[in-house]
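In: sequence unknown, structure follows:
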Ligand code: 15L
């Protein structure tokens with residue numbers, strides 16, 4: 001499959017791009033920065049919030065040059081509301097408009113657990129709980145999912161949002177024993193979302209097959225995602241570290257640290 005990956009130079013982007021290439025896909029990269037060493041496909045340095053720049057990327061890849069978009073670009077920390085809306089909502093809208101114009105039928109989106117981060121932790125959270133963001137970052141992710149739903153309904157685009165947990169080489173905290181997404185499982189997950197037959201608008205939790213998961217893996221399995229890693233493998237090492245106040249706070253809501261007062265701020269920056 002010919003795939004355009006945004007945020008291709010980022011931490012998840014580099015892993016996903018090389019994983020998709022290893023699995024036989026043709027990958028074009030788009031990012032604000034120059035291509036990382038070793039990237040083999042076409043590369044575009046542009047801002048996904050710039051509609052003209054994005055339209056030109058699709059034009060240059062030509063008719064049929066993109067069969068699916070994997071949208072991973074976006075600021076991964078909390079910032080002001082306008083910044084979050086631009087980073088997560090405007091970029092998604094720009095890509096969706098370009099997809100409509102160029103008849104690209106599928107997008108896989110890096111959603112986030114922070115779209116529901118204010119939900120008190122419970123044994124197994126399904127994907128149909130109400131949006132309950134923990135930050136403006138989470139608000140941006142909720143709104144981006146709403147856009148995906150709109151374009152799926154209006155234009156028949158297949159739009160899959162993976163609410164990613166904690167994408168890391170290894171789990172580092174007690175919370176990660178539930179929220180971890182391994183590098184290899186991230187590639188498996190994205191490929192499943194790219195190739196699932198007729199998903200329409202769909203949401204899954206993007207985590208590994210963690211024994212202690214707080215999130216239901218079933219929506220992912222329904223799309224063909226078969227995680228092979230489990231954070232429990234690292235539990236002894238993680239639990240050998242002294243428990244901290246943060247561990248308790250992080251365990252109360254699924255969004256962990258993003259729920260805490262350290263993340264409270266006014267929506268708008270004022271000069
Ligand atoms: C995310 O969505 C963030 O991008 C990342 O920085 C982590 O906070 C992660 O979630 C997490 O919840 O661990």
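Out: It's in. Computed from a predicted structure; not experimentally measured.
In: What strand or helix carries the closest residue to residue 201 other than its chain neighbours?
Out: Leaving aside its sequence neighbours, residue 201 sits nearest to residue 152 (CB to CB, 6 or more residues apart in numbering; 3.8 Å). Where C-beta positions appear, they are placed from N, C-alpha and C, glycine not excepted. Per DSSP states H and E, residue 152 falls inside helix 136-155.
In: Tell me which other helices or strands that helix touches.
Out: With contacts taken as 3 or more CB pairs under 8 Å, 6 or more residues apart in numbering; DSSP states H and E, helix 136-155 sits against helix 81-84, helix 91-101, strand 106-112, strand 158-164, strand 201-206.
In: pretty sure the residue nearest to residue 201 is touching residue 203, no?
Out: No: in terms of CB atoms under 8 Å, residue 152 does not count as a neighbour of residue 203; the distance is 11.2 Å.
In: Run through the bridge partners of the residue most central in space within the chain.
Out: Of all residues in the chain, the one closest to the mean position by CA atoms, centre = their mean is residue 110, 1.6 Å from it. Assessed by DSSP bridges, residue 110 has beta-bridge partners residue 162.
In: Next up, the contacts around it.
Out: Contact partners of residue 110, counting by CB atoms under 8 Å, 6 or more residues apart in numbering, are 7, 12, 70-72, 74, 162, 164, 206.
In: Quick check: the gap between it and the ligand.
Out: The gap separating residue 110 from the ligand is 8 Å, by CB to the nearest ligand atom, to the nearest Å.
In: again with residue 115
Out: Noted for residue 115: a distance of 9 Å to the ligand, by CB to the nearest ligand atom.
In: Could you do residue 63 as well?
Out: Taking CB to the nearest ligand atom, one finds residue 63 at 34 Å from the ligand.
In: excluding its backbone neighbours, what's nearest that residue?
Out: Distance criterion CB to CB, 6+ apart; nearest residue to residue 63, sequence neighbours excluded, is residue 102 at 7.6 Å.
In: Repeat that for residue 160.
Out: Here the nearest residue to residue 160 in space, its sequence neighbours aside, is residue 193; by CB to CB, 6+ apart that works out to 4.3 Å.
In: Neighbours of residue 59, how many?
Out: Other residues within reach of residue 59 by the criterion other CB atoms under 10 Å amount to 13.
In: one step back: more crowded one of residue 152 and residue 203?
Out: In this comparison of residue 152 against residue 203, neighbours counted by other CB under 10 Å, the higher total goes to residue 203 at 24 against 19.
In: where do the strands sit along this structure?
Out: Using DSSP state E, the strands found in the chain span residues 2-6, 26-31, 43-45, 68-71, 106-112, 158-164, 166-167, 180-181, 201-206.
In: This completes my enquiry, with thanks.
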